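> when you get a sec, could you give me coordinates for this:
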Amino acid sequence: MTSTPPYTRLPSRGVIEIAGDDRRSFLQGLVTNDVMALTPGSALYAALLTPQGKYLFDFLVVNDGERLLLDVEAARREELIRRLMLYKLRAKVTIADRTAELAVAITPDGIEDPRHPMLGRRAILPLSEAERLPADESAYQAQRLRLGIPEGSSDFIVDKLLILEGNLDYLNGVSFQKGCYVGQELTARMKHRGKVRKRLLPVRVAGELPPSGAPITEGGKEIGEMRGGLGARAIAYLRLDDLEVGKSYRCGAAQVTPERPAWLPDAALRPGKED
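Residues are numbered from 1 along each chain as shown. The predicted model follows:
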């Protein structure tokens, strides 16, 4: 399988800094993964949810010593900062946008992407250094879509998609051992009952790439919708009941064929059959 080029700047990503004595405990009480287990120089994948367990933001968290750096969707970073500020209260933290000073890049000496090793190694670099790298991230996005890994609001549906429908538990993005976080109760209940009835899945597209939100149908019945894509690869939000991997479905003038990514167990496509 083709891998991500070793040196690539990712202009679609922004950087948020969380500093202060309470930086780890502050984030620990909010996000899906175990920030307290994050050692210096390491990274984890996590999401911030609504109290009802629905997706708001996903990001990587890097432990940069005296601060945490969030590798985030650049277009929504101000919205994320506002959301974090709502929870700040008396916590001893500062929250700042560092996108004008720092940039996210794929580099061989970076930290392995915690979602999947085939996504490459990431680093947060001074912008002056990162600007010397090529900024065409199409190869990275194509690789991500080939792997079937959703990212950001182009794939996840904000305030609608339940986080396990986005497969974060299979992408190292959820800890079921940590304490409470926003949306934890519904997420844990859904996991233990095995009631995930919709999922984000990679699809092959034959024909012109349909727009995000376009309905996917079989015999006139809607079974899902398109999300983000590039060329002949995309992510779709699909109902699992009666879904057949490898079968083609209609999406406008195009045909889309769902696939099961290698990292997703077959049981995950059969509601109620997960361990």
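
> quick check: closest non-adjacent residue to Ala19.
Closest residue to Ala19 apart from its sequence neighbours, by Cβ to Cβ, 6 or more residues apart in numbering: Arg67 at 4.2 Å. In this view, the C-beta of every residue, glycine as well, is placed from N, C-alpha and C.

> where does the one you found land on pLDDT?
At Arg67, the model reports a pLDDT of 98.

> please tell me how far it sits from Ile16.
Distance from Arg67 to Ile16, counting by Cβ to Cβ, to the nearest Å: 10 Å.

> between these two, which one's more packed in?
Ile16 (22 against 16; other Cβ atoms under 10 Å).

> on the three-state scheme, the more buried one is what?
With DSSP: H, G, I helix; E, B strand; the rest coil as the basis, Ile16 sits in strand.

> ok, it touching Asp97?
Yes. Because the distance of 6.0 Å satisfies Cβ atoms under 8 Å, Ile16 is recorded as touching Asp97.

> common neighbours of these two, please.
Arg77, Ile81 (Cβ atoms under 8 Å, 6 or more residues apart in numbering).

> what sits against the residue nearest the centre of the chain?
The centroid of the chain falls nearest to Glu151 when counting by Cα atoms, centre = their mean (3.8 Å). Remark: with contacts taken as Cβ under 8 Å, 6+ apart, Glu151 is in contact with Asp58, Glu73, Arg144, Gly228.

> in the stretch 151-275 of the chain, which spans are strands?
With strands called from DSSP state E, counting those that start in this stretch, the stretch 151-275 of the chain shows them at 198-206, 215-218, 221-230, 233-239, 249-251, 254-258.

> in stretch 188-203, what's buried?
Met190, Lys191, Gly194, Val196, Lys198, Arg199, Leu200, Leu201, Pro202, Val203 (16 or more other Cβ atoms under 10 Å).

> got the buried residues for the helix ranked longest in the chain?
When the chain is parsed with DSSP state H, its longest helix is helix 77-88. Using 16+ other Cβ under 10 Å as the burial criterion, the residues of helix 77-88 that qualify are Arg77, Leu80, Ile81, Arg83, Leu84.

> show me what contacts the second one?
With Cβ under 8 Å, 6+ apart as the criterion, the residues that contact Leu80 are Ile16, Leu48, Phe57, Phe59, Leu70, Val72, Glu73.

> one more: the fourth one?
Arg83 sits next to Leu48, Leu56, Phe57 when contact means Cβ under 8 Å, 6+ apart.

> and it, how far from Arg23?
Arg83 is 16 Å from Arg23, by Cβ to Cβ.

> so what sits opposite Glu17 in the bridge?
For Glu17, the beta-bridge partners under DSSP bridges are Leu69, Ala96.

> separation between the residue nearest to Glu101 when sequence neighbours are not counted and Ile95?
Nearest residue to Glu101 in three dimensions, chain neighbours excluded: Leu127, at 5.7 Å (Cβ to Cβ, 6+ apart). Distance of Leu127 to Ile95, given as Cβ to Cβ: 19 Å.

> the two: which has the busier surroundings?
Neighbours per residue, other Cβ under 10 Å: of Leu127 and Ile95, the larger number sits with Ile95, 21 against 14.

> residue ranges for the helices of the stretch 1-150 of the chain, please.
Shown for the stretch 1-150 of the chain, the helices assigned by DSSP state H, counting those that start in this stretch span residues 23-28, 77-88, 127-130, 138-147.

> state the mean pLDDT of the last one.
This means helix 138-147. pLDDT averaged over helix 138-147 gives 96.
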